[in-house]
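Participant: sequence below, structure please.
(chains A and B)
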There are 2 protein chains.
Amino acid sequence: MRILGVDPGLTRCGIGVIEALPGRKVRLVAVDVIRTAADMAPEKRLMRMAEAFEEWLADHRPDAVAVERVFAQHNVRTVTGTAQVAGLAMVAATRVAIPVALHTPSEVKAAVTGSGRAEKAQVQEMVRRILGLDDAPSPADAADALAIAITHGWRGSAVVPLDGARTQTAAQRAWAEAAAGTAARAQAARRRLAR
Amino acid sequence: MRILGVDPGLTRCGIGVIEALPGRKVRLVAVDVIRTAADMAPEKRLMRMAEAFEEWLADHRPDAVAVERVFAQHNVRTVTGTAQVAGLAMVAATRVAIPVALHTPSEVKAAVTGSGRAEKAQVQEMVRRILGLDDAPSPADAADALAIAITHGWRGSAVVPLDGARTQTAAQRAWAEAAAGTAARAQAARRRLAR
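Facilitator: Residues are numbered from 1 along each chain as shown, chains lettered A, B, ... in the order given. Predicted coordinates for the structure are as follows:
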């Protein structure tokens, strides 16, 4: 199942495509950040975004489009543009009969890091690990778009537990193992220094 | 000059077309309210709005599209949908090379009533008078869409003075005359009652 994820924004819009394979495996297909200049007329900026969504949908023909749900409570200054870009992505997909799903930022963070309150850097690092990349996708908008697509790909394959729940998702296990590895390496380094 | 005005909203979107003639004369061409049901999927609701804008643009071929500028500060609960519908109207126009203008709610109120803080009923009544209609366009969203179009049609033909400025627009003069007429009628009625 091919999923196109969108982290909406008028200045920078993250867009990424992944292939979700059986067993919660995911593979990176493409990722980019669409930018528009702040001094362009707002309707021209929106038009550019609408065209970019149409190009990506035509190029990658995803089975689903997952868009980050926009909340007006956050970033009141930029929410109008962010909401508009999200709306354009939703309509571009609906126009070509591709199902649309919305995921909240905390759902996405919980899905990929195990914590709904994870920092941006942690999301970037987990996206890197989950997709087996050498470098974390950058800027954060690119990683966020992939995280949204991953969240959608994993949706239904396991319930995402709340923080502190006993069951672990694959992402949480990967994160826990990575964290344990980091701790072990730090301990080894301290031992070497202590000699 | 034919102008299509949009009062954006996801549940009710006002849309109206006027013909702006020389001498600040304006004529009603068409007005309606596009509605979507709250239980429809958000992407389907947005799609319906996008299609409606395309139909109206094709049917009326306006020279300009004027959209109410959306502020996140107002109505936080509904601003996401409102902003998205405004964005779709802006892109629909830009796609067919029709210039887009945004006007703030207070600019629109000031243009048609002389006060940036006018009530909805006052805007509806002034739209009725300015367009020479028997009945005020209803619901308020329909009148607001026409008020936005009128504001755009009058833009440049006179500077809209701030409240308390000495110069009057045609709308302000019409409103002042109407208000004076109402006051005179009320006074006459009081006189009759006092006899």
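Participant: next to chain B, which bits of chain A? Give me the list.
Facilitator: Where chain A comes near chain B, counting by Cβ under 8 Å from any Cβ of the partner chain, the residues are A:41-44, A:46-47, A:50, A:70-73, A:76-77, A:79-81, A:83-88, A:90-91, A:93-95, A:100, A:102. All C-beta atoms are positioned from the backbone trio N, CA, C, and that covers glycine.
Participant: tell me which of those fall in strands.
Facilitator: Counting by DSSP state E, the part of the residues of chain A next to chain B found in strands is A:100, A:102.
Participant: among the residues of chain A next to chain B, which lie within helices?
Facilitator: Counting by DSSP state H, the residues of chain A next to chain B place A:42-44, A:46-47, A:50, A:79-81, A:83-88, A:90-91, A:93-95 in helices.
Participant: of the residues you listed, select the buried ones using a ChimeraX command.
Facilitator: In ChimeraX syntax, the buried subset of those is picked out as below (16 or more other Cβ atoms under 10 Å in any protein chain shown):
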select /A:42,43,46,47,50,79,80,81,83,84,85,86,87,88,90,91,93,94
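Participant: what sits closest to residue A:65 if chain neighbours are left out?
Facilitator: What sits nearest to residue A:65 in space, not counting adjacent residues and going by Cβ to Cβ, 6 or more residues apart in numbering or on different chains, is residue A:93, at 3.9 Å.
Participant: tell me if I'm right that the one you found and residue A:101 touch.
Facilitator: No. In terms of Cβ atoms under 8 Å, residue A:93 does not count as a neighbour of residue A:101; the distance is 9.7 Å.
Participant: report all helices and strands that whatever helix or strand residue A:150 lives in contacts.
Facilitator: Secondary structure from DSSP states H and E places residue A:150 in helix A:140-154. In this structure, helix A:140-154 packs against strand A:2-7, strand A:12-21, strand A:25-35, strand A:64-68, strand A:100-103, helix A:105-113, helix A:120-130, with contacts taken as 3 or more Cβ pairs under 8 Å, 6 or more residues apart in numbering or on different chains; DSSP states H and E.
Participant: hmm, back to that, what's the spacing between the residue nearest to residue A:65 and residue A:44?
Facilitator: When distances are taken as Cβ to Cβ, to the nearest Å, residue A:93 and residue A:44 turn out to be 22 Å apart.
Participant: run the angle between the helix holding residue A:150 and strand A:12-21 for me.
Facilitator: Taking axes from the mean of the first three to the mean of the last three Cα atoms, to 10 degrees, helix A:140-154 and strand A:12-21 form an angle of 30 degrees between their directions.
Participant: residue contacts, the closest residue in space to residue A:48 that isn't next to it in sequence?
Facilitator: If the residues on either side of it in the chain are set aside, residue A:48 comes closest to residue A:36, at 5.2 Å by Cβ to Cβ, 6+ apart. With contacts defined as Cβ atoms under 8 Å, 6 or more residues apart in numbering or on different chains, residue A:36 is in contact with A:10-11, A:44-45, A:48-49.
Participant: return the member of those residues nearest to chain B.
Facilitator: Taking Cβ to the nearest Cβ as the measure, chain B lies nearest residue A:44 of the contacts of residue A:36, at 6.7 Å.
Participant: centre-most residue in chain A?
Facilitator: The structure's chain A has its C-alpha centroid closest to residue A:147; by Cα atoms, centre = their mean the separation is 2.4 Å.
Participant: OK, contacts around that one?
Facilitator: Counting by Cβ under 8 Å, 6+ apart, residue A:147 makes contact with A:5, A:108-109, A:111-112, A:123, A:126-127.
Participant: buried subset of these?
Facilitator: Members of the contacts of residue A:147 that pass the buried threshold by neighbour count (16+ other Cβ under 10 Å) are listed as A:5, A:108-109, A:111-112, A:123, A:126-127.
Participant: export those to CSV and tack on pLDDT?
Facilitator: Listed next are these as CSV, based on pLDDT from 0 to 100:
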residue, pLDDT
A:5, 98
A:108, 97
A:109, 97
A:111, 96
A:112, 97
A:123, 96
A:126, 97
A:127, 98
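Participant: which one of the residues you listed is nearest to chain B?
Facilitator: Sorting the buried ones among the contacts of residue A:147 by distance to chain B puts residue A:5 at the head of the list, at 15.1 Å, by Cβ to the nearest Cβ.
Participant: nearest spatial neighbour of that closest one, skipping sequence neighbours?
Facilitator: Leaving out its chain neighbours, residue A:5 is closest to residue A:149 (Cβ to Cβ, 6+ apart), at 3.0 Å.
Participant: ok, now how distant is that neighbour from chain B?
Facilitator: Using Cβ to the nearest Cβ, to the nearest Å, one gets 17 Å for the distance from residue A:149 to chain B.
Participant: count the residues that sit near that residue.
Facilitator: With neighbours defined by other Cβ atoms under 10 Å in any protein chain shown, the count for residue A:149 comes to 35.
Participant: residues touching it, list them.
Facilitator: Contacts were defined as Cβ under 8 Å, 6+ apart; by that measure residue A:149 touches A:3-5, A:16-18, A:26, A:66.
Participant: and for residue A:123?
Facilitator: When contacts are counted by Cβ under 8 Å, 6+ apart, residue A:123 is found next to A:108-109, A:112-113, A:140, A:143-144, A:147.
Participant: and if you look at residue A:47?
Facilitator: Counting by Cβ under 8 Å, 6+ apart, residue A:47 makes contact with B:90-91, B:94-95.
Participant: redo these as a markdown table? Include distance to residue B:58 and pLDDT.
Facilitator: Supplementary listing: the contacts of residue A:47 in a markdown table, determined by distance: Cβ to Cβ, whole Å; pLDDT from 0 to 100:
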| residue | distance to residue B:58 | pLDDT |
| --- | --- | --- |
| B:90 | 17 | 98 |
| B:91 | 15 | 98 |
| B:94 | 15 | 98 |
| B:95 | 11 | 97 |
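Participant: number of nearby residues for the residue nearest to residue A:69 when sequence neighbours are not counted?
Facilitator: Leaving aside its chain neighbours, residue A:69 sits nearest to residue A:102 (4.2 Å; criterion: Cβ to Cβ, 6+ apart). Each residue near residue A:102 was counted by other Cβ under 10 Å, and the total is 18.
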